[in-house]
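Undergrad: coords below, sequence missing:
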């Protein structure tokens, strides 16, 4: 089963994305910020895809992606950033940190599922 | 209320508090970057979540606040008290709105008007309304010049295409996609992206000029590039390639362009990028965009109002000057303001507004939609009514807090049990039967409250099974389509409630079982027709509560399990003896599929895949204190039944001891306790056994398995606990039996976390910690000790 | 498994992802006159495609996937890169 890890400090955002993904048949892991996500990844959670917010307490999304990419098990894992319309510069920064792409908030179900299909071969 | 909205309101209340506190602290310690960041983040989160609902005014207003805070965060302007006032006013207004949303589930009708003036104020210091930037994709114009890399296409095909495009006056898109060498490490797969290009007409690969030697070849460095031609629209292509804009080029060519390229007429543009760079560098000139002009006017008008208040704060003046400069720029009438003061700024603004006076009455009014007074029903609560509360119906609680509450309930139970001892002591030691009775009365009152408390805490953790079932409609639909089978999924008893932990732990076993049914259980439509079944197969997922357990059943009407085949296979794999091959009943044979080592490559198709066998399903269910059984009728179908405790919080354990140390064993597993005279113990093949009602039961020495110093006294009867582990009866030799107790099982921590022979710890009434045995592992240990 | 590596023939099955690239490249490097069976392959990661392009194994069975059969197989089959 395809597992998606969601990292966002907004419980509302997590809830909305999680419900879209669960309905589409994905297993979902969540974390409230980059540190918690790294912790979970360190404890053996092995997602097929990671979706992370940019602005978060403790550890922001770009640092998280950069750190996560260092782990051998995650070097090829697609990682998408949740950005707002105005965060153009963050997208470039995220790409160079190792992100695969981005989503624009608010995320519509078809946008989310379409992008997952685009970045996950065989999904 | 929709749960997402309820969640948003709960979160919003937290965020509003954070913003308020942060802003007030910022006033005391201006410029603290960590504080600014925190307030910004709260506003940012707010805006992000608000977009999930149809509250456009809320999104717009928080957006303006976010932009202002972002500028402050970036150090572009200092936060002055005027801005703080505006920000506080903004979040006060939002608080009022959300209180309204809490009762009415929509924003008050005055929201647009209330927000508009605040938005203008928030935006004034940062140069007015944001001008929407053109998409950064360098949008190649129709009729582009042919690039040099057309050489990677077949010339004959190019000529044909040019002719066709000319005849039909149409165009075709050409892409050059040169992934950078490290792209695999961003999880990019260029070929997978190209596969998604619609209406692909030609694809060619550009190999490296020189391949490395086989020995030096780095398979993770992307060395190839691609060119392709497609009839897909520019928009489609730009969307698909939006994550790799820096690695691809796109041109839209007509027949003439290709023809000119083929005849070598035009000099080839070596660097197409330089062309676009020049375009971007163009001096911005007077904008003709009416929206932009309106924005600029709004900024100027707002500035004029601000200036009328005669501000003296220099920072404020500088930011105003900045805003005015931006606006002037938009008019194509750039101004330079050195050392701004109220008089010169006012003069500049008046001049600019005068120059562009065409059709401007009050520019602010064009932005602020005025709401007629009678539009708002009199009965409506006022938006800023302070009486309302945001998200009062939902309390967001950390799971840890609930867990802690549960622990306290457990301790309360234990303390309460102490009263029965006290009653005993009152009667026996102090001879007061009256006091004993009063203590017992107290006890029963306390007992009732403790039980109710425990039930309500557990109730907080309960979720409906629909949470675990919700993914299956999609899963079954997708898989059945892939397998070409017609399958109807029926869900029953989704409202049945169970503990959150149980529901979460159910997820994986359920997925495995459903996949198994789909993959192995259900026949193809042809097979079904041949055996006289309806072509559409049926999988039923049922949940029912059964006392303090929940039963989940996965049933299909597929081909069923063939006991003879299972017996043969188990024998071939050495899982059963030759004798068992002959004698094993059909029911027991079906159960063999749960044996470790039974599921093999034959079972692992790309669906049920990943090598998780039925033994793993049984193991994970048993870990939860549950059981799995399978019934199957050949040709009719299979049903697998999971029985799980409704709640994992309270477990009944039987307490036993060896060498003075007490251990718990889940009561579910205990069949009976017996005392056997020493001379009735037997030994068969180095294994102690006991014969009970004609059945030979192996007996394991718990002290030896756990390596504890205890040797049974030959003069006393042996205390043997008979347990049912994985369908097998085994005896456990212990020193002493104690009572059964209800305990709150906690996972093993610290040094014992890796001790698989224990499934958890629990606190006993006398304050001692009880280790609860994981019987399966203990048996394994005993077998190894021999 | 997406890769079944035999003595002289590798069978690629389903979606061959980046995780299989290292193993495939290693096998191609070590095998003399390698052959690949692509019949049941549904997708080739660019890294796997690139390895096939470099080591040029004989394709013993063409893929049934239409994108691979129509667009990718011809790229593997032709002789060398055409000069620009």
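TA: Arrived safely, thanks for sending. Keep in mind that what you see is a predicted model, and the values were worked out from it rather than measured.
Undergrad: quick one: stretch B:238-251 near chain C?
TA: No: against chain C, stretch B:238-251 shows no contacts by C-beta under 8 Å from any C-beta of the partner chain, the least distance being 12.2 Å. In this view, the C-beta of every residue, glycine as well, is placed from N, C-alpha and C.
Undergrad: So for residue A:69, what pLDDT did the model give?
TA: On the pLDDT scale, residue A:69 is placed at 92.
Undergrad: Once you drop chain neighbours, what's closest to it?
TA: residue A:98 (3.8 Å; C-beta to C-beta, 6 or more residues apart in numbering or on different chains).
Undergrad: so how far is stretch B:473-483 from its chain's centroid?
TA: Taking C-alpha atoms, centre = their mean, to the nearest Å, one finds stretch B:473-483 lying 22 Å from the centre of the chain it belongs to.
Undergrad: Next one: residue B:179 relative to chain C, how far apart?
TA: Distance, residue B:179 to chain C, using C-beta to the nearest C-beta, to the nearest Å: 7 Å.
Undergrad: typed the wrong thing, it's residue B:444
TA: 63 Å.
Undergrad: Need the three-state assignment for that residue.
TA: Counting by DSSP: H, G, I helix; E, B strand; the rest coil, the backbone at residue B:444 sits in helix.
Undergrad: Count the residues that sit near residue 16.
TA: No chain in the question, so chain A it is. Burial of residue A:16 is recorded as 24 neighbouring residues (other C-beta atoms under 10 Å in any protein chain shown).
Undergrad: could you do chain C instead?
TA: Neighbourhood size, residue C:16 [other C-beta under 10 Å]: 23.
Undergrad: who does it bridge with?
TA: Partner residues in beta bridges with residue C:16, using DSSP bridges, are residue C:44.
Undergrad: Give me the pLDDT value at it.
TA: Confidence score, pLDDT, at residue C:16: 93.
Undergrad: how about it, what does it touch?
TA: Listed by C-beta atoms under 8 Å, 6 or more residues apart in numbering or on different chains, the contact partners of residue C:16 are C:2-3, C:24, C:41, C:43-45, C:48.
Undergrad: Also residue B:659?
TA: B:703, B:708-710, B:735.
Undergrad: Tell me, how many residues neighbour the residue in chain C that chain A sits nearest to?
TA: Per C-beta to the nearest C-beta, residue C:15 is where chain C lies closest to chain A, at 3.4 Å. Neighbour count of residue C:15, defined by other C-beta under 10 Å: 19.
Undergrad: Is it in contact with residue C:42, as I believe?
TA: Yes: with contact defined as C-beta atoms under 8 Å, residue C:15 and residue C:42 form a contacting pair (5.4 Å).
Undergrad: burial measure for the residue nearest to residue A:69, as a count.
TA: For residue A:98, using other C-beta under 10 Å, the count is 21.
Undergrad: Local confidence estimate at it?
TA: Confidence at residue A:98, expressed as pLDDT, is 93.
Undergrad: Pretty sure it sits against residue A:65.
TA: Yes: assessed by C-beta under 8 Å, residue A:98 is found in contact with residue A:65 at 5.4 Å.
Undergrad: so what's in contact with those two at the same time?
TA: residue A:79.
Undergrad: about what we covered before: next, format the contacts of residue B:659 as a markdown table and append distance to residue C:63, pLDDT and secondary structure.
TA: As requested, the contacts of residue B:659 are arranged in a markdown table below (distance: C-beta to C-beta, whole Å; pLDDT from 0 to 100; DSSP: H, G, I helix; E, B strand; the rest coil):
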| residue | distance to residue C:63 | pLDDT | secondary structure |
| --- | --- | --- | --- |
| B:703 | 63 | 88 | helix |
| B:708 | 63 | 84 | coil |
| B:709 | 67 | 86 | coil |
| B:710 | 67 | 86 | coil |
| B:735 | 68 | 91 | coil |
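Undergrad: If we check chain C, which of those are in contact?
TA: Applying C-beta under 8 Å from any C-beta to these, one finds that nothing falls near chain C.
Undergrad: what about burial for these, which qualify?
TA: B:703, B:710, B:735 (16 or more other C-beta atoms under 10 Å in any protein chain shown).
Undergrad: Name the residues of chain C found near chain A, please.
TA: C:14-15, C:17-19, C:42-43, C:45.
Undergrad: can you redo those residues as JSON lines with distance to chain B?
TA: As requested, those are arranged in JSON lines below (distance: C-beta to the nearest C-beta, whole Å):
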{"residue": "C:14", "distance to chain B": "6"}
{"residue": "C:15", "distance to chain B": "9"}
{"residue": "C:17", "distance to chain B": "8"}
{"residue": "C:18", "distance to chain B": "6"}
{"residue": "C:19", "distance to chain B": "11"}
{"residue": "C:42", "distance to chain B": "10"}
{"residue": "C:43", "distance to chain B": "7"}
{"residue": "C:45", "distance to chain B": "5"}
